[in-house]
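Participant: sequence first, predicted model second:
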Amino acid sequence: MREVAVCALLILLFDAVLCLVLWTGLVLLKCSSCGGLAGVWTFGAVKWMFLYIFTFILTDRKPQAELRRLVVVLSLLSPVVESGRILMAPPSEPYTGPPPDLSMLLLGPVSSLLACVVWEKGLCSDGKGKKDNKLDARLLLMRVLKYFRPDSLYLIAAFSFLILGVICDTFIPLYQGKVIDQLRGQVLQTSFCYAIVQLVLVSVGSALFSGLRGGIFMCTLARLNKRLKHLLFHTLLQQEVHFFEENNSGQLSSRLHSDVDRMGRTVALNANALVRSTVKTCLMLGVMLGLSWELTVLTCIEMPLLAVLQNKYITWYKELKDQMQDCLAQNKDLASQTISGIRTVRSFNGEKEELRRYNGALDQMGTIKRHSGIYSSFVLLARRLVSLGIKILMLVQARSLISSGHLSIGSLVSFFLYQKPMSNNLKEILYCYGETVSTVGVISKVFSYLDRTPKCKKEGQLAPELLQGRIVFDKVTFTYPSGPQDEPALKSVSVELQPGKMTALVGPSGGGKTSFVSLLKRLYEPQQGQILLDDKPLHQYKHKCLHQKMALVSQNPVLFSGSLRYNIEYGLRDCTMEKVKEAVQRASADDFISELENGYDTDIGECGGKLSDGQKQCLAIIRALVRDPQVIILDEATSKLDVKAQHAVLQEVLACGRTVLLVAHQLKTVEKADRIIFIEKGAVVEQGTHQELMDKRGRYYRLKEELFSQCS
Ligand SMILES: Nc1ncnc2c1ncn2[C@@H]1O[C@H](COP(=O)(O)OP(=O)(O)OP(=O)(O)O)[C@@H](O)[C@H]1O
């Protein structure tokens, strides 16, 4: 930064030398004119060339953008000001160029420097990182706009109505002023009526086009939201399980709902407001210049000052908005966790603790909102003071213009009618810019999810009608992505689950049973070794086929709110009522369902909250059986059923030659298994039939003792 400041000072010095040389040259040559406006522009161009070469050498051929902008302003400020001056107030005598005095020599560089400082510090902000961010922001915004492509026709219509509405809007104050000027008694009745008709036409046009524009924008926005939410939800569903361990459900649902909504709304509405305000500003500026260029210049002074203030506010606001968004997601997560776990909260008397935690989160949110309030009131005060100062200056100038006959009262009224919307337009442009910038964080988060490639193998193509159900774990080693990398959950596990046989997987807590089942269901991928189903690696099977042929019933099944039938048929498209009834019969659950008020149409409540734990397990078993799987994994799946029901379920699952994997702790179920696998600290320590294990003695008897002590 210091390097840029030093270079800027040297450039200013060089510029002063250049101007002095020209001035001395003109004085020595006794030239009375510098060649008129063409001469001023030529000198500007030559000066730009010299200054650029000087900057090029000064910065070792790498002139910074700030210095390049300073060079342009230094060279072009004088020609632009002189052209504007001649255009607004054509001189009575031939133009001879700017007065060559010392004040003019100082005024150019000083005002150029000031303009550059205001731009770089106030409007353009600082640092290289910011520039990279802006580039990213632009790319992200362009990407959001691309998602509007299917609605391009709607957008063309909306923007056309927008421009028509803005044109009508712009002319309303002008015609209001004209009507005021026609109020004098000596004006003809027809002229008055003509002015009124013009005013009515532009007002009706403005209302009509604005309404059409608003409606079409809202429709387009709703369509975009639907598309983006669908896409994001689809992408989220493709992610591997570890992704959901890293990102909690509160955060994900916040991204999916509030962030996508905010993203579409901000970009669409701001693009709308930005175009409307920009077109309006340009049109109004033209009309205002026509009414009084002196008052317009004063109005324009207000703008950069307001822009600097607003830009500072935007920077603060953006930081606060990010914090607010994170805080909101955290609050949602906290509340939904407490509500969904209300039974545990109540039984552990945790209400007060949860309330305290939630209160803490609300306090945090309150602090952020307080800061936001303080900043916005400070900016509001400063903005009002600036506007007041400019207004006073304008009134003084207007008084002298009216007394000299250069401005009519009607034109002054029109001018003031334009002035307020004009600064509102500017505020709107800055606000839209700020809002869009503050949404960039949200957009980048949504896109980071949309762009995420799932870290799991692509599904295969195998989808055989019939399976044998032979499963082989071949030297499988698996470490959880979020677990300690030097302590695998499964260590070189090699086992075989034979078709038509029940294999029990037994081991202490944390032994690796659930990890084994998770790999079998392809919730994770092993780092080493492979899992084969009928001699083919699991990942070669189609996702749908694999999960239909291999059903899992866990101790605490996850059920969804909706009818009993919906939960049984979950994930199946072509399931008939006959199939459902058959599965219910096979699970011996007819009695339980017939007792329910609405039978299969009974709403089981959120997560099956209206059912007992045993009924939930029963429902999960029916859900598995209706798929007619070749492999069934029962992970403590019958622990809450009565003995009769347990017996019936085990009989049923073993029918049809299925492969059954039983994750068990209970002695009875282990005894029914054809083979037993002991797993401890992630490694298979022993496996075999009852007889083989009896022969080995030791561990089998120890296990029996342990299991007995658990049951007693
Ligand atoms: N999602 C996870 N992330 C990281 N580590 C995990 C995860 N799930 C389990 N582990 C670890 O993996 C090891 C094996 O756990 P696993 O759940 O497979 O044991 P388990 O035999 O099913 O235990 P239990 O009988 O208590 O259910 C444990 O050390 C556990 O801490």
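Facilitator: Perfect, thanks for sending it.
Participant: can you give the distance of stretch 2-21 from its chain's centre?
Facilitator: 45 Å (Cα atoms, centre = their mean, to the nearest Å).
Participant: swap that for stretch 208-223, please
Facilitator: 23 Å.
Participant: same thing with stretch 233-240?
Facilitator: Chain-centre distance of stretch 233-240: 16 Å, with Cα atoms, centre = their mean.
Participant: go on, stretch 592-605?
Facilitator: Averaging C-alpha positions (Cα atoms, centre = their mean) puts stretch 592-605 41 Å from its chain's average.
Participant: tell me which residue of the stretch 551-700 of the chain lies closest to the ligand.
Facilitator: Taking Cβ to the nearest ligand atom, the ligand has its nearest neighbour within the stretch 551-700 of the chain at residue 682, 6.4 Å off. (Each C-beta comes from the backbone N, C-alpha and C, glycine too.)
Participant: per the record, what domains does the protein have?
Facilitator: The record's domain parsing of the chain by automatic domain parsing lists 2-121, 125-450, 471-711.
Participant: can you list those domains in JSON lines and add distance to residue 458 and mean pLDDT?
Facilitator: Shown next, in JSON lines, are the domains of the chain (distance: least, Cβ to Cβ, whole Å; pLDDT from 0 to 100):
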{"stretch": "domain 2-121", "distance to residue 458": "45", "mean pLDDT": "76"}
{"stretch": "domain 125-450", "distance to residue 458": "10", "mean pLDDT": "81"}
{"stretch": "domain 471-711", "distance to residue 458": "8", "mean pLDDT": "81"}
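Participant: for these, give me TSV that also has mean neighbour count.
Facilitator: Output for the domains of the chain, formatted as TSV (neighbours: other Cβ atoms under 10 Å):
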stretch	mean neighbour count
domain 2-121	15
domain 125-450	16
domain 471-711	17
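Participant: turn those domains into CSV, including distance to residue 465.
Facilitator: As requested, those are exported to CSV (distance: least, Cβ to Cβ, whole Å):
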stretch, distance to residue 465
domain 2-121, 67
domain 125-450, 26
domain 471-711, 9
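Participant: just to revisit the earlier point, and the gap between the residue of the stretch 551-700 of the chain closest to the ligand and residue 520?
Facilitator: 15 Å (Cβ to Cβ, to the nearest Å).
Participant: got it, and residue 150?
Facilitator: Separation of residue 150 from residue 520 (Cβ to Cβ): 42 Å.
Participant: surely residue 515 and residue 487 touch.
Facilitator: No - in this structure, residue 515 is not within contact of residue 487 by Cβ atoms under 8 Å, at 11.9 Å.
Participant: could you look up the SS state of residue 475?
Facilitator: When classified by DSSP: H, G, I helix; E, B strand; the rest coil, residue 475 comes out as strand.
Participant: state the distance from the closest residue to it other than its chain neighbours to residue 460.
Facilitator: Distances taken as Cβ to Cβ, 6 or more residues apart in numbering place residue 529 nearest to residue 475, at 3.9 Å, with adjacent residues excluded. In this view, residue 529 and residue 460 are 18 Å apart by Cβ to Cβ.
Participant: which secondary structure element is home to residue 634?
Facilitator: Residue 634 is part of strand 631-635, with elements assigned from DSSP states H and E.
Participant: ok, residues contacting that strand?
Facilitator: The contact list for strand 631-635 (Cβ atoms under 8 Å, 6 or more residues apart in numbering) reads 467, 469, 471, 497, 513-514, 517, 520-521, 533, 549-555, 624, 653, 658-663.
Participant: a helix runs through residue 526, doesn't it?
Facilitator: No - going by three-state DSSP, the assignment for residue 526 is coil, not a helix.
Participant: going forward, the N-terminal residue is numbered 484.
Facilitator: That works, and once the first residue is 484, the last one we named lands at residue 1009.
Participant: surely it is in contact with residue 959?
Facilitator: Yes - between residue 1009 and residue 959 a contact is recorded at 4.7 Å, counting by Cβ under 8 Å.
Participant: just checking, what packs against the longest helix anywhere in the chain?
Facilitator: If you go by DSSP state H, the chain has its longest helix at helix 834-886. Applying 3 or more Cβ pairs under 8 Å, 6 or more residues apart in numbering; DSSP states H and E, we find helix 834-886 packed against helix 776-823, helix 892-933.
Participant: so can I have TSV of these showing distance to the ligand?
Facilitator: TSV is the format used below for the helices and strands packed on helix 834-886 (distance: least, Cβ to the nearest ligand atom, whole Å):
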stretch	distance to the ligand
helix 776-823	18
helix 892-933	21
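Participant: closest one to residue 1091 among the ones you listed?
Facilitator: For residue 1091, the closest of those is helix 776-823, at 12.6 Å, according to Cβ to Cβ.
Participant: which helix or strand lies directly C-terminal to the closest one?
Facilitator: Past helix 776-823, the next helix or strand by DSSP H and E is helix 825-830.
Participant: how about residue 977, what does it touch?
Facilitator: Shown in contact with residue 977 (Cβ under 8 Å, 6+ apart): 956-959, 1012, 1167.
Participant: change it to 7 Å
Facilitator: Neighbour list for residue 977: 956-958 [criterion: Cβ atoms under 7 Å, 6 or more residues apart in numbering].
Participant: my guess is residue 715 meets residue 737, correct?
Facilitator: No - with contact defined as Cβ atoms under 7 Å, residue 715 does not count as touching residue 737 (11.8 Å).
Participant: from the ligand, how far out is the nearest residue to residue 712 once chain neighbours are set aside?
Facilitator: Leaving aside its sequence neighbours, residue 712 sits nearest to residue 743 (Cβ to Cβ, 6+ apart; 5.3 Å). Using Cβ to the nearest ligand atom, to the nearest Å, residue 743 is found at 28 Å from the ligand.
Participant: around the ligand, pick out the residues from the chain.
Facilitator: Residues of the chain lying near the ligand by Cβ under 6 Å from any ligand atom: 728, 963, 965-966, 972, 990, 992-998.
Participant: how about the residues you listed in CSV, adding secondary structure?
Facilitator: As requested, the residues of the chain next to the ligand are exported to CSV (three-state DSSP):
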residue, secondary structure
728, helix
963, coil
965, coil
966, coil
972, coil
990, coil
992, coil
993, coil
994, coil
995, coil
996, helix
997, helix
998, helix
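Participant: which two in the residues you listed are spaced the farthest apart?
Facilitator: The span of the residues of the chain next to the ligand, defined through Cβ to Cβ, is set by 728 and 990 at 22.6 Å.
Participant: follow-up on the earlier one: pretty sure the residue nearest to residue 958 sits in a strand.
Facilitator: Yes - counting by three-state DSSP, residue 1012 is located in a strand.
Participant: one step back: any common contacting residues for residue 1009 and residue 959?
Facilitator: Shared contacts of residue 1009 and residue 959 (Cβ under 7 Å, 6+ apart): residue 1002.
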